[in-house]
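>>> Dropping a prediction and its sequence here:
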Amino acid sequence: MRRTTPTRTIALTALILLLAGCGTQSGGDAGGSGTVSPSPTPSTPSTRDCATAKAELGAADTGDTYCLAPGETIRVSLDGTTRKPWAPVKAAGSALEATNSGIVLQPGDASAAYKAVSPGTVRLTSSRPMCPSDPARVSCDGLQEWAVTVVVTKE
């Protein structure tokens, strides 16, 4: 008779629990209705939840929320390297309009500037690889995410 090691037992138990959790649905009957309730949507930040925008945002500002009045400008400068470059900054929302951010002098940096044009909320995002890209070495697929919420208030 073959002995089962504790490591194999633990690994097998973890696999069974993982597979048992896949495909389960909460909040329904056993027969299932074929519908899935949508994920809750995050609430729109109020002006009490945001700080006055700084002249220039950087990597350390990730996760923060800033307020702008129409006509004000916000700049983003993310310092990267050629081996760990930042992706261009993207804006999701229509309250900001891209403006001239100047010249990016260093490879891997991301620079952007936006002017507040109408009330609303915009999410600015970028990302870069966690591990340097080097064809001679093993790489990872990890990304460092950067995101800031900008609330354009009414005048």
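That came through fine.

>>> Following the chain onward from the helix or strand of the chain with the lowest mean pLDDT, which element is next?
Lowest by mean pLDDT, DSSP states H and E among the helices and strands of the chain is helix 6-21, with a mean of 50. Remark: after helix 6-21, the chain's next helix or strand is strand 51-52, criterion DSSP states H and E.

>>> so what secondary structure elements neighbour that following strand?
strand 65-68 (3 or more C-beta pairs under 8 Å, 6 or more residues apart in numbering; DSSP states H and E). Bear in mind the C-beta positions are built from the backbone N, C-alpha and C, glycine included.

>>> low pLDDT regions in this structure?
1-49, 133-135, 139, 155 (pLDDT under 70).

>>> switch the cut-off to 50
12, 15, 17-45 (pLDDT under 50).

>>> Skipping its backbone neighbours, what lies nearest residue 149 in space?
residue 65 (4.3 Å; C-beta to C-beta, 6 or more residues apart in numbering).

>>> repeat for residue 145
Closest to residue 145 by C-beta to C-beta, 6+ apart is residue 127, at 5.1 Å.

>>> Run a quick check on that neighbour versus residue 85, I expect a contact.
No: using C-beta atoms under 8 Å, residue 127 and residue 85 do not qualify as a contacting pair, with a distance of 10.1 Å.

>>> Next secondary structure after the strand or helix carrying the residue nearest to residue 145?
In the assignment (DSSP H and E), residue 127 maps to strand 120-129. Where DSSP H and E defines the elements, the next helix or strand beyond strand 120-129 is strand 143-152.

>>> Could you name the helices and strands sitting against that following strand?
Using 3+ C-beta pairs under 8 Å, 6+ apart: strand 143-152 touches strand 65-68, strand 73-78, strand 110-116, strand 120-129.
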